[in-house]
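Student: Sequence and predicted structure are below.
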Amino acid sequence: MPRFDTPSTPTSGPLSDTAPPMGPAVHLRVDRLTYGGHDLFRDLDIDFPGGTWTCILGPSGVGKSTLLRLASGLDTGGEVGSATSATLTGGVPLAGHFAHMAQSDALLPWLSVLENCLIGHRLRGKVPGEAKDRALALLEDVGLITRAKDRPGALSGGMRQRVALVRTLVENRPVVLMDEPFSALDPPTRLRLGDLAARLLARRTVLLVTHDPLEALRLGHRVLVLGGRPARPGEAMAPEGPPPRAVDAPTVLAHHGPLLTRLSQALESEDEGRSGA
Amino acid sequence: MKGKIVTGLLVMAALVALWQGAYHLAGERAYILPSPWLTLTALVERWDLIARHAWVTMVEILLGLGLGALLGGIAALVIALSPAARRTLLPLLVISQAVPVFAIAPLLVLWLGYGMSSKVAMAVLIIFFPVTAAFLDGLRRADSAWIDMAQSMDASPWAVLWRIRLPAALPALASGLRVATAVAPIGAIVGEWVGSSAGLGYLMLHANARMQVSLMFAALFVLALFSVSLYALVDRGLRAAMPWQRES
């Protein structure tokens, strides 16, 4: 089974020196997901190109977060079809190759910032070892090295989400699934964290669920809008240039209007789907 | 800190003044309500006797608290881990609480004798339930975001229990232990009333029967002092053990 973990070579320079290899492509297939007899997804096949960010938008309740939970193998509370799978290039199951980051930072209040960053190793019964150096370097990078010994309760929301980002990176997985990780933050903090995440997660395969069109256009190589019932993705939008893009970059501004139009269309088709069901 | 001590002393002084006032209002009959001074005199004069009995009661309370907390904690863990145990043990626990301890007390004395064990058993019976109920509640209520995070990190069920559910349940367990500490003396004293040859409960019962009300008050004072100190100590210890509770 091919492993995608990157060897963390000890370097004296900044972390970007240890650029990970290009993340693998992810293929998500959902043959069916039903809640109380109603299909949320049916015959869904989505390909996420390797080493790029794909941002997923859509009206509330369309199943954006559920899609990520399916990919993560977490309980969705619905009936999942047996042919549902999440695989990497070459048919390798996604399980074990991804890290997950959610809207809730899920930091454990009884552990220090550093211990929280190393929780993955602890949970797998491993000694953090070199991961600790990596965590410290990353904390330095996100400007939280002086808070490494503090508990999360003493940090602001933005700081906590930065710690969660470091925890995700310490996992060092080639695929990162992000479920509205920045949506609880105020706009300036959200922008800063988006830039930080784009820099630190470059070259990995990232699936980012968001409800913020601007965030999607700034961070995504591709932007998908989910809509309808059962939900399907529309044609992908691809803003030019490498992310993170400036808020007022021409390509971001040019796509903003059309993206909002698509979102409102998705909302209408959602309403029709509901009234028909 | 200094302000706290001053407030505490003021409250104490007010209570003593109230007591003294009640003594005068009740017609200064020491065989019904002894004055603070008479109580203090009894405490000093009969210190040997009181200390001997207080020691017995303290050991009973501490043993009951330790055993009850341990058993309560284990029961909560077993119930949380095994659905079969939840179906069988949980109803048993509720039934054990439905029967008043006062009603079982004579039985316990009959089975376990006049010595300490029947009193410790009584304290355990009283303590067990609040600890189990609170801890179980805590174990069930771990934040689902934490569990999701752990699952996405390939954690084993044991790792989730040990590293997440257990520490997450500690604050709830602490609430249970606080309640247990507050009610533990009840078990010991009830046990001593029903049948014993030593302990503050025994001493109070006999002092009462012999109209030595000031001795009874002195014993009561020692019991209250010990109970309050024990609670303060447990509360402090629990806070120190869970510093994150104050921050968040």
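Tutor: Cool, the structure landed.
Student: When you work out contacts or count neighbours from here on, use the C-alpha atoms and nothing else.
Tutor: Noted.
Student: Share the number of residues neighbouring A:G228, please.
Tutor: A:G228 has 23 neighbouring residues, counting by other CA atoms under 10 Å in any protein chain shown.
Student: And A:S156, by the same measure?
Tutor: A:S156 has 11 neighbouring residues, counting by other CA under 10 Å.
Student: and the gap between it and A:L144?
Tutor: 11 Å (CA to CA, to the nearest Å).
Student: again, but for A:A83
Tutor: The value you get for A:A83 to A:L144, if CA to CA is used, is 43 Å.
Student: Specify the helix with the largest residue count in chain B.
Tutor: helix B:47-81 (DSSP state H).
Student: Who are the packing partners of that one?
Tutor: Identification of packing neighbours for helix B:47-81 by 3 or more CA pairs under 8 Å, 6 or more residues apart in numbering or on different chains; DSSP states H and E yields helix B:83-98, helix B:116-140, helix B:166-194, helix B:200-209, helix B:213-241.
Student: Establish whether the second one and chain A are in contact.
Tutor: No - between helix B:116-140 and chain A, judged by CA under 8 Å from any CA of the partner chain, nothing touches; the nearest distance is 14.7 Å.
Student: immediately after that helix, which helix or strand?
Tutor: helix B:144-152 (DSSP states H and E).
Student: cool, the first one as well?
Tutor: Proceeding C-terminally, helix B:83-98 gives way to helix B:101-112 as the next helix or strand, assigned by DSSP H and E.
Student: Buried residues, that next one. List them.
Tutor: With burial defined by 16 or more other CA atoms under 10 Å in any protein chain shown, the residues of helix B:101-112 counted as buried are B:V101, B:A105, B:P106, B:L108, B:V109.
Student: For those residues, could you give me CSV that also reports distance to chain A and pLDDT?
Tutor: Converted to CSV, the buried residues of helix B:101-112 look like this (distance: CA to the nearest CA, whole Å; pLDDT from 0 to 100):
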residue, distance to chain A, pLDDT
B:V101, 37, 79
B:A105, 41, 86
B:P106, 45, 88
B:L108, 42, 87
B:V109, 44, 87
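Student: Spell out which residues of chain B are next to chain A.
Tutor: Near chain A, when you scan chain B using CA under 8 Å from any CA, you find B:145-146, B:148-156, B:159-160, B:163-164, B:167, B:242-244, B:247-248.
Student: Please pick the buried ones from those residues.
Tutor: B:146, B:148-155, B:159-160, B:163-164, B:167, B:242, B:244.
Student: what's the closest of those to B:R86?
Tutor: Distance to B:R86, by CA to CA, is smallest for B:V160 among those, at 19.6 Å.
Student: which residues does that closest one contact?
Tutor: B:V160 sits next to A:L123, B:I147, B:A150 when contact means CA atoms under 8 Å, 6 or more residues apart in numbering or on different chains.
Student: Quick check: which element contains the most centrally placed residue in chain A?
Tutor: By CA atoms, centre = their mean, chain A has its centre lying nearest to A:M178, at 2.0 Å. Assigned by DSSP H and E, A:M178 belongs to strand A:175-179.
Student: Mean confidence (pLDDT) on that strand, please.
Tutor: Average pLDDT, strand A:175-179: 93.
Student: next SSE after that strand?
Tutor: helix A:187-200.
Student: neighbouring contacts of that next one?
Tutor: Contacts of helix A:187-200 (CA under 8 Å, 6+ apart): A:S16, A:V142, A:G158, A:R162, A:L165, A:L169, A:F182, A:S183, A:E215, A:L219, A:P243, A:P244.
Student: Just the ones of those residues in helices?
Tutor: Counting by DSSP H, those contribute A:G158, A:R162, A:L165, A:L169, A:E215, A:L219 to helices.
Student: Now do the strand or helix carrying A:H27 against strand A:175-179, angle only.
Tutor: If you go by DSSP H and E, A:H27 is part of strand A:26-35. Inter-element angle recorded for strand A:26-35 and strand A:175-179: 40 degrees (by axes from the mean of the first three to the mean of the last three CA atoms, to 10 degrees).
Student: Quick one: mean pLDDT for strand A:26-35?
Tutor: The model assigns strand A:26-35 a mean pLDDT of 88.
Student: so what's residue 131 closest to, chain neighbours aside?
Tutor: Chain wasn't specified; assuming chain A. Once flanking residues are discounted, A:A131 sits nearest to A:V170: 6.5 Å by CA to CA, 6 or more residues apart in numbering or on different chains.
Student: I was after chain B.
Tutor: Per CA to CA, 6+ apart, closest to B:V131 is B:G176, 4.4 Å.
Student: Closest to A:G227 out of the contacts of helix A:187-200?
Tutor: A:E215 (18.7 Å).
Student: Low-confidence ranges, chain A, go.
Tutor: A:1-20, A:272-277 (pLDDT under 70).
Student: Can you name the residues of it that neighbour chain B?
Tutor: So chain A meets chain B at A:72-74, A:96, A:98-101, A:104, A:106-110, A:120, A:123-125, A:151, A:153-154 (CA under 8 Å from any CA).
Student: Now intersect the residues you listed with the strands, please.
Tutor: A:F98, A:A99, A:H100, A:M101 (DSSP state E).
Student: Report how many residues lie close to the third one.
Tutor: Burial measure for A:H100: 27 neighbouring residues, criterion other CA under 10 Å.
Student: surely it meets A:P174?
Tutor: No - A:H100 lies out of contact with A:P174 (CA atoms under 8 Å); the separation is 11.3 Å.
Student: ok, B:A133 - contacts?
Tutor: B:A76, B:G176.
Student: Now with 10 Å, please.
Tutor: By CA atoms under 10 Å, 6 or more residues apart in numbering or on different chains, the contact set of B:A133 is B:G72, B:G73, B:A75, B:A76, B:L90, B:L93, B:V94, B:A172, B:L173, B:G176.
Student: and the fifth one, what does it touch?
Tutor: Residues in contact with B:L90, defined by CA under 10 Å, 6+ apart, are B:A75, B:A76, B:I79, B:A84, B:S96, B:T132, B:A133.
Student: next one: B:A219
Tutor: B:39, B:42-43, B:46-47, B:49-51, B:53-54, B:199-201, B:203-204, B:207, B:213, B:225.
Student: tell me which strands and helices whichever helix in chain A runs longest is in contact with?
Tutor: For chain A, the longest helix by residue count, based on DSSP H, is helix A:250-276. With contacts defined as 3 or more CA pairs under 10 Å, 6 or more residues apart in numbering or on different chains; DSSP states H and E, helix A:250-276 has these neighbours: strand A:53-57, helix A:213-219, strand A:222-227.
Student: Throw these into JSON lines and include distance to A:L68 and mean neighbour count, thanks.
Tutor: Converted to JSON lines, those look like this (distance: least, CA to CA, whole Å; neighbours: other CA atoms under 10 Å in any protein chain shown):
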{"stretch": "strand A:53-57", "distance to A:L68": "10", "mean neighbour count": "27"}
{"stretch": "helix A:213-219", "distance to A:L68": "16", "mean neighbour count": "25"}
{"stretch": "strand A:222-227", "distance to A:L68": "13", "mean neighbour count": "24"}
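Student: will you turn those into JSON lines that also has distance to B:A17?
Tutor: Putting these into JSON lines (distance: least, CA to CA, whole Å) gives the following:
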{"stretch": "strand A:53-57", "distance to B:A17": "71"}
{"stretch": "helix A:213-219", "distance to B:A17": "69"}
{"stretch": "strand A:222-227", "distance to B:A17": "75"}
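Student: Tell me which of these lies nearest to A:A249.
Tutor: That would be helix A:213-219 among the helices and strands packed on helix A:250-276, by CA to CA, at 8.6 Å.
Student: any idea how far that closest one is from the chain center?
Tutor: 13 Å (CA atoms, centre = their mean, to the nearest Å).
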